[in-house]
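Engineer: return a 3D structure for these sequence lines:
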Amino acid sequence: MIDKRVASAHDAVADVFDGAVVMVGGFGEAGSPIELIHALIDQGASDLTIVSNNTGSGEVGLAALLKAGRVRKFICSFPRTANSTVFPELYRAGKCELELVPQGTLAERIRAGGAGIPAFYTPAAVGTPLAEGKEARTFDGREFILERGLVADFALVKGREADAYGNVLYNKTARNFGPIMAMAAKVAIVQAERVTDPGELDPETVVTPGIFVQRVVEVAEPAHESELVASGVSYP
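Structural biologist: All right, here's what the predicted structure looks like:
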């Protein structure tokens with residue numbers, strides 16, 4: 001078995017290249033890998049396409065990556081939330097593209113990509129601008145549109161606990177996007193509060209098997225996005 005532990009978040013993202021497609025876990029701060037995102041800012045990769053549930057809050061995490069000018073395009077469901085100020089400004093200025101995807105469709109596009117399914121039909125977005133230009137078919141008298149599966153070069157995922165082989169457990173809503181993003185990426189990078197030796201995790205509790213994970217890094221006391229935003233922190 002391969003020991004997938006790396007020494008630091010910076011080492012974990014060292015080979016992210018310009019123009020890469022990067023999936024970033026989220027669905028609330030339980031799944032937001034702040035340390036990996038900040039390491040990616042320090043690393044310098046640019047012209048990125050980011051696939052995530054939202055565009056970040058305040059000036060930390062994903063919002064900080066945007067502010068640093070590293071993102072060419074966002075594929076997400078919630079580009080604007082209560083504390084998202086960076087993306088709206090960049091979007092209006094024409095400095096960042098947006099592909100808006102309903103949340104359920106986004107999750108299924110990622111899951112499909114990870115399962116090797118190139119496309120699927122869904123009724124979501126039928127009759128809206130999001131359906132424009134997409135293939136439509138009728139099944140049993142109901143209209144559906146074709147959506148493509150999503151894959152990525154890298155996935156940045158936040159786990160609660162992992163082992164050296166890359167098996168991962170999650171904290172609450174981090175499980176919504178983390179497991180499917182790990183499946184859909186060529187290189188899945190997991191930060192976890194605790195990284196154990198092989199055999200310490202109960203196999204019956206593992207959510208993401210290590211076969212889908214290439215690197216794990218221990219971040220014992222991960223930052224909480226809401227606390228950083230409330231404190232007015234700006235990264236870097």
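Engineer: so who does residue 152 touch?
Structural biologist: 20-23, 51, 113, 181, 184-186 (CB atoms under 8 Å, 6 or more residues apart in numbering). For the C-beta atoms, the positions are set from N, CA and C on the backbone; glycine is no exception.
Engineer: quick one: average pLDDT of the top helix by length along the chain?
Structural biologist: Across the chain, the longest stretch assigned as helix under DSSP state H is helix 103-114. Across helix 103-114, pLDDT averages out at 97.
Engineer: can you check stretch 7-17 too?
Structural biologist: Stretch 7-17 comes out at a mean pLDDT of 97.
Engineer: residues contacting that stretch, please?
Structural biologist: Outside stretch 7-17, the residues that touch it by CB under 8 Å, 6+ apart are 6, 22, 35-36, 38-40, 42-43, 45, 48, 153-154, 156, 187, 189, 191, 215, 217, 219.
Engineer: ok so, going back, among the contacts of residue 152, which two are most distant?
Structural biologist: 20 and 113 (15.2 Å; CB to CB).
Engineer: ok, these two, which is more surrounded?
Structural biologist: residue 113 (23 against 19; other CB atoms under 10 Å).
Engineer: show me what contacts that one?
Structural biologist: Residue 113 neighbours (CB under 8 Å, 6+ apart): 149-152, 183-184.
Engineer: 7 Å - rerun?
Structural biologist: With contact set as CB atoms under 7 Å, 6 or more residues apart in numbering, residue 113 has these partners: 149-151, 184.
Engineer: ok, so of these, who is nearest residue 201?
Structural biologist: Among the contacts of residue 113, and counting by CB to CB, the member closest to residue 201 is residue 184, at 22.9 Å.
Engineer: quick one: the closest one from residue 117, how far?
Structural biologist: 11 Å (CB to CB, to the nearest Å).
Engineer: who has more neighbours out of the two?
Structural biologist: Comparing residue 184 with residue 117 by other CB under 10 Å, the one with more neighbours is residue 184, at 25 against 13.
Engineer: tell me which helix or strand in this protein has the weakest average pLDDT.
Structural biologist: helix 225-230 (a mean of 89; mean pLDDT, DSSP states H and E).
Engineer: name the SS class of residue 98, please.
Structural biologist: Put simply, residue 98 is strand when judged by DSSP: H, G, I helix; E, B strand; the rest coil.
Engineer: residue 75 versus that one, what's the distance?
Structural biologist: Per CB to CB, residue 98 is found 8 Å from residue 75.
Engineer: of those two, which one has the most company?
Structural biologist: Comparing residue 98 with residue 75 by other CB under 10 Å, the one with more neighbours is residue 75, at 21 against 15.
Engineer: and that one, what are its phi and psi?
Structural biologist: Here is the backbone geometry of residue 75 (degrees, to the nearest 10): phi -110, psi 110.
Engineer: pretty sure it sits against residue 103.
Structural biologist: No. The pair residue 75 / residue 103 is not scored as a contact, 12.0 Å apart, by CB atoms under 7 Å.
Engineer: what touches both of these two?
Structural biologist: With CB under 7 Å, 6+ apart applied, the contact sets of residue 75 and residue 103 do not overlap.
Engineer: how about the longest helix of the chain: buried residues?
Structural biologist: Using 16 or more other CB atoms under 10 Å as the test for burial, helix 103-114 gives 103, 105-114.
Engineer: cool, and stretch 57-69?
Structural biologist: Residues of stretch 57-69 classed as buried by neighbour count (16+ other CB under 10 Å): 57-68.
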